[in-house]
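> this is the structure alone, sequence omitted:
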């Protein structure tokens, strides 16, 4: 198997892998890859790698052989004309209305299934120096191409968002770009509309990660997708977990009131659990009344409600403390507020550690500034 080594710039005829890829000879390519000193990262002077040359030769089997032997790391590399292998596969010289040759379509689907970035290809198609290729863009947004991606819905969102940006950067082609963007958004929405019930929606979104799809849709302002009835149902299910649709409004009111009176209700439930549960093995709590209540408390709805209530209590304590006279000895209330601020700071540090892009969110930045603002006067006093 070929190893990934330092990039070499060679003539296609001076490297066995590049020479076999340029000819589309899969047998010679496999033999070259199996050589001890073979490198799938070798480049020509035009910055074409083996994938570029295989795509130009229309050799699907060569492309697959390179991907299977480590060339997937350079699948998004661009040559001197700023074309990635996917861009070369899609962009062809053809007359208006002529269909893309089947081999090119197969090459595009093979590269998309290997996680080729369609945005790189889209940028090369919209490069005014190379000439804007609207036909290639049309091919890129076709369902067969997008469905080949491991994350088709997210891919459709990203392509549509990039096309919206291009419509603002190149106003002379605004109508064409917006038409293609609408086609991408419609593709994602049509996938939802094709579902028969919420079970189909779960299966569709679980192909990747349901929360990731929704997060991407919200960040890229995919309003049609978010406002779809099935999306709203799925959001409600995420918000309330397994309790969505299974409890009456009276049950939710009782749970909400017990949550507000958490410090009063939990000891009572716990004492009841100790009195009536004869076995105390691990996992029994899950099937008890207390466990039922705690599972409701873990749903995002009640977590959000609890955070709002805690913040309101915190603000009330600060206002109460500000009305008192300042003394050198901290009062019990000030000690409590200091502990509370310390807990908020630890919570922000924990969230930043758990989420890699925590500081990229502007609301998280506001939380950090608020914690810092509260910590400074607390420690200085």
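Everything's here; your move. The shown structure was predicted, so the numbers you read here are calculated from the model rather than taken from an experiment.
> which residues in the stretch 151-300 of the chain form helices?
With DSSP state H, counting those that start in this stretch as the criterion, the stretch 151-300 of the chain has helices at 152-169, 174-193, 198-205, 210-219, 223-226, 229-240, 249-260, 262-276, 289-297, 300-322.
> for the last one, what is the distance to the chain centroid?
For helix 300-322, the distance between its averaged C-alpha position and the chain's averaged C-alpha position is 31 Å (Cα atoms, centre = their mean, to the nearest Å).
> start the count at 12, not 1, going forward
Fine by me, first position is 12 from now on; the one you just mentioned is helix 311-333.
> kindly calculate the angle that the next helix-or-strand element following that helix makes with helix 311-333.
Downstream of helix 311-333, the first helix or strand assigned by DSSP states H and E is helix 343-365. Counting by axes from the mean of the first three to the mean of the last three Cα atoms, to 10 degrees, helix 343-365 lies at 140 degrees to helix 311-333.
> got the contact list for stretch 86-106?
57-60, 62-63, 65-67, 74, 78, 111-112, 115, 118-119, 122-123, 125-129, 131-132, 134-136, 138, 141, 144, 146-147, 150-151, 156 (Cβ atoms under 8 Å, 6 or more residues apart in numbering). Just so you know, the C-beta spots here come from the backbone N, C-alpha and C atoms, and that holds for glycine as well.
> worst average pLDDT in the helices of the stretch 162-311 of the chain?
Per-segment mean pLDDT for the helices of the stretch 162-311 of the chain reaches its minimum on helix 273-287, at a mean of 51.
> pull out the buried residues from the contacts of stretch 86-106.
The neighbour count (16 or more other Cβ atoms under 10 Å) marks 58-60, 62-63, 65-67, 74, 78, 111, 115, 118-119, 122-123, 125, 127-129, 131-132, 134-136, 144, 146-147, 150-151, 156 as buried among these.
> correct me, but residue 242 touches residue 204?
No: using Cβ atoms under 8 Å, residue 242 is not in contact with residue 204; the gap is 10.8 Å.
> quick one: which of those two has more around it?
Taking other Cβ atoms under 10 Å, residue 242 and residue 204 do not tie; residue 242 has more neighbours (20 against 10).
> ok, the more buried one to residue 236 distance?
Applying Cβ to Cβ, to the nearest Å, the value for residue 242 to residue 236 is 6 Å.
> got any residues that touch both of those two?
Residues touching both residue 242 and residue 236 (Cβ under 8 Å, 6+ apart): 203, 228.
> of the contacts of stretch 86-106, which belong to helices?
Of the positions in these, 62-63, 65-67, 74, 78, 115, 118-119, 122-123, 129, 131-132, 134-136, 146-147, 150-151, 156 sit in helices, assigned by DSSP state H.
> any idea how the chain splits into domains?
12-157, 162-257, 310-391 (automatic domain parsing).
> among the ones you listed, which is the most enclosed?
For these, average neighbour numbers computed from mean count of other Cβ atoms under 10 Å are highest in domain 12-157, which has a mean of 19.
> return the distance of it from the chain's centre.
26 Å.
> dump the residue contacts of residue 70.
Here residue 70 is in contact with 32, 35-37 (Cβ under 8 Å, 6+ apart).
> mind running it again at 10 Å?
Neighbouring residues of residue 70 by Cβ atoms under 10 Å, 6 or more residues apart in numbering: 31-37, 40, 64, 76-77, 114, 118.
> with residue 82 instead?
For residue 82, the contact set (Cβ under 10 Å, 6+ apart) comprises 13, 15, 28, 32, 44, 51-52, 60-62, 65, 74-76, 88, 96, 125.
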